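A.B. asks: Fold the following for me, if possible:
(one chain, ligands or ions: 1)
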Amino acid sequence: MARRRQLYEGKAKILFEGPEPGTLVQYFKDDATAFNSQKKGTITGKGVLNNRISEYLMMRLMDIGVPTHFIRRLNMREQLIREVEIIPLEVVVRNVAAGSLSTRLGIQEGTRLPRSIIEYYYKNSSLNNPMVCEEHITAFGWASTQDLDDIVALTLRINDFLSGLLLGVGITLVDFKVEFGRLYENEEMRIVLADEVSPDNCRLWDSKTGEKMDKDRFRRDLGKVEEGYQEVARRLGILPEA
Ligand code: C5P
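C.D. replies: Below is the predicted model of the structure:
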């Protein structure tokens with residue numbers, strides 16, 4: 001592969017300049033961090049699995065008309081994506097109480113929520129990604145009211161579709177985080193799903209046993225982390241590459 005100019009290195013991914021203007025190459029690393037980088041480690045093979053899982057889920061979402069930054073997978077660890085202006089928000093959707101919601105509000109982990117809840121966090125690691133509300137988002141100009149309307153509509157569609165798709169393979173989508181970007185094309189701006197959708201950003205529990213198949217295995221030292229990610233890929237019908 002030709003050497004590409006590195007533009008940005010994040011905790012789990014690296015972005016390189018793409019082959020054409022307006023494109024980027026997203027490289028998936030095996031590095032894992034938790035609790036805002038206080039815990040660091042490596043999950044062997046995670047990058048390869050997340051590249052495949054995110055490709056698969058973004059393609060399925062595009063099939064139902066959800067716009068994304070994804071163009072195509074290039075190889076085991078890289079995918080070609082459209083360059084977008086990332087909106088500095090982590091959008092979390094919750095269907096079942098877990099993680100910070102359980103800790104903060106004292107709701108027992110595993111409690112099904114009366115309806116899906118959307119939360120916003122300001123993407124700023126030096127501030128520990130604080131939770132914010134719509135008033136903060138629009139007042140500080142991170143997104144307009146129209147952007148937020150689009151984000152909520154897309155997020156709910158993503159949640160409904162992925163919840164059903166995963167339930168079909170015996171996985172409960174407990175919660176997940178997504179990020180959005182602005183895509184400028186033909187003098188128009190569209191909000192599109194960006195970043196990745198993988199077990200790094202979702203809580204995925206076996207629907208029957210409740211077994212965790214996501215990054216909580218790493219966060220909580222449950223062991224068999226890679227196996228959890230592999231099981232998600234296997235159930236989605238994503239076969240190991242020859
Ligand atoms: O920790 P918390 O319960 O708030 O996480 C909710 C969901 O958002 C989980 O699925 C977690 O994997 C995801 N998340 C993430 N990146 C963060 C924070 C949370 O992917 N920085």
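
A.B. asks: alpha carbons only for contacts and neighbour counts from here, please
C.D. replies: Noted.

A.B. asks: Averaged pLDDT, stretch 164-173. What do you get?
C.D. replies: For stretch 164-173, mean pLDDT rounds to 98.

A.B. asks: Tell me which other helices or strands the longest helix belonging to the chain touches.
C.D. replies: Taking DSSP state H as the criterion, the chain has its longest helix at helix 145-167. The contact analysis (3 or more C-alpha pairs under 8 Å, 6 or more residues apart in numbering; DSSP states H and E) places helix 145-167 against helix 46-63, strand 171-185, strand 188-194.

A.B. asks: list the buried ones in the shortest one?
C.D. replies: Under the neighbour-count criterion of 16 or more other C-alpha atoms under 10 Å, strand 188-194 has 191-194 buried.

A.B. asks: contacting residues around it?
C.D. replies: 66-70, 84, 86, 147, 150-151, 178-184 (C-alpha atoms under 8 Å, 6 or more residues apart in numbering).

A.B. asks: 6 Å instead?
C.D. replies: Strand 188-194 has contacts (C-alpha atoms under 6 Å, 6 or more residues apart in numbering) with 67-69, 179-183.

A.B. asks: what does the longest one give?
C.D. replies: With C-alpha under 6 Å, 6+ apart as the contact definition, helix 46-63 has outside contacts at 28-30, 76-77, 196-198.

A.B. asks: which of these has the most neighbours?
C.D. replies: In terms of neighbours by other C-alpha atoms under 10 Å, the contacts of helix 46-63 top out with residue 198 at 28 neighbours.

A.B. asks: Spit out the contact partners of that residue.
C.D. replies: Residues near residue 198 by C-alpha under 6 Å, 6+ apart: 50, 53-54.
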